[in-house]
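Q: Sharing a model that was predicted from the sequence below.
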Amino acid sequence: SAVISQKPSRDICQRGTSLTIQCQVDSQVTMMFWYRQQPGQSLTLIATANQGSEATYESGFVIDKFPISRPNLTFSTLTVSNMSPEDSSIYLCSVVDTDTQYFGPGTRLTVL
Amino acid sequence: QKEVEQNSGPLSVPEGAIASLNCTYSDRGSQSFFWYRQYSGKSPELIMSIYSNGDKEDGRFTAQLNKASQYVSLLIRDSQPSDSATYLCAVNYLSGGGADGLTFGKGTHLIIQP
């Protein structure tokens, strides 16, 4: 299975600022996804990031708040913009490898 | 609206017994079904995937799918304390497994009592 790494693993940020989360995969993958897991909750899909095209956002998530880049088949970034305490969550990237989704270790974000 | 429902628990099971976890989904067009295990502070890891009606066994784990009833379950035989975790049911609308983002249930917190 694909090996996924994320940076940073955790961060504490001030409201109104932005944070960019990086996701790196050890092999080329077509499909990449970004999820959010709020405290005590399950995972919610934010967007699908395909190389060479605009990210596709789920209902309730917009590009201005969560801009995504996918410059190549092994890398993607998610930016959380103009943060508020409600953005405090774990953000996870995932990739599809042989018809299965695997998850990165996550980025734990706390917004003060 | 795609929804996945799970009993949040906690579900407490004695060591060595069978743990039964259940999940229902709302979208009849759903094609692929997954069970993930998530330990506290960790990311989800895949336990089982199932695509066709019936049972699928892998070691101590058995996934059961009934598309007519829109129901999927996970049985864990000979439960061990290390099985204590949150189990997430996930559904994918498209065929081919991970070709689309997953819709997750809220998860069932399983506790195996030694």
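A: Cool, the structure landed. Numbers count the residues shown, from 1 in each chain, chains lettered A, B, ... in the order given.
Q: Mind telling me what element the nearest residue to B:Gln80 once chain neighbours are set aside is part of?
A: Nearest non-adjacent residue to B:Gln80, counting by CB to CB, 6 or more residues apart in numbering or on different chains: B:Ile112, 6.2 Å away. (Each C-beta comes from the backbone N, C-alpha and C, glycine too.) Using DSSP states H and E, B:Ile112 falls within strand B:108-113.
Q: quick one: buried residues of that strand?
A: Within strand B:108-113, the residues that count as buried by 16 or more other CB atoms under 10 Å in any protein chain shown are B:Thr108, B:His109, B:Leu110, B:Ile112.
Q: List the residues that contact A:Pro67.
A: A:Leu78, A:Thr79, A:Ser81 (CB atoms under 8 Å, 6 or more residues apart in numbering or on different chains).
Q: for the strand or helix carrying the second one, packing partners?
A: According to DSSP H and E, A:Thr79 maps onto strand A:75-80. In terms of contact count using 3 or more CB pairs under 8 Å, 6 or more residues apart in numbering or on different chains; DSSP states H and E, strand A:75-80 is assigned the packing partners strand A:19-25, strand A:31-37, strand A:43-50, strand A:68-72, strand A:89-97.
Q: what's the neighbour count on A:Thr79?
A: For A:Thr79, the neighbour count with other CB atoms under 10 Å in any protein chain shown is 14.
Q: Local confidence estimate at B:Gln1?
A: Looking at B:Gln1, its pLDDT reads 68.
Q: hmm, back to that, turn the helices and strands packed on strand A:75-80 into TSV, columns for mean neighbour count, mean pLDDT and distance to B:Ser43.
A: As requested, the helices and strands packed on strand A:75-80 are exported to TSV (neighbours: other CB atoms under 10 Å in any protein chain shown; pLDDT from 0 to 100; distance: least, CB to CB, whole Å):
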stretch	mean neighbour count	mean pLDDT	distance to B:Ser43
strand A:19-25	19	97	12
strand A:31-37	24	94	9
strand A:43-50	21	92	9
strand A:68-72	16	94	19
strand A:89-97	23	93	6
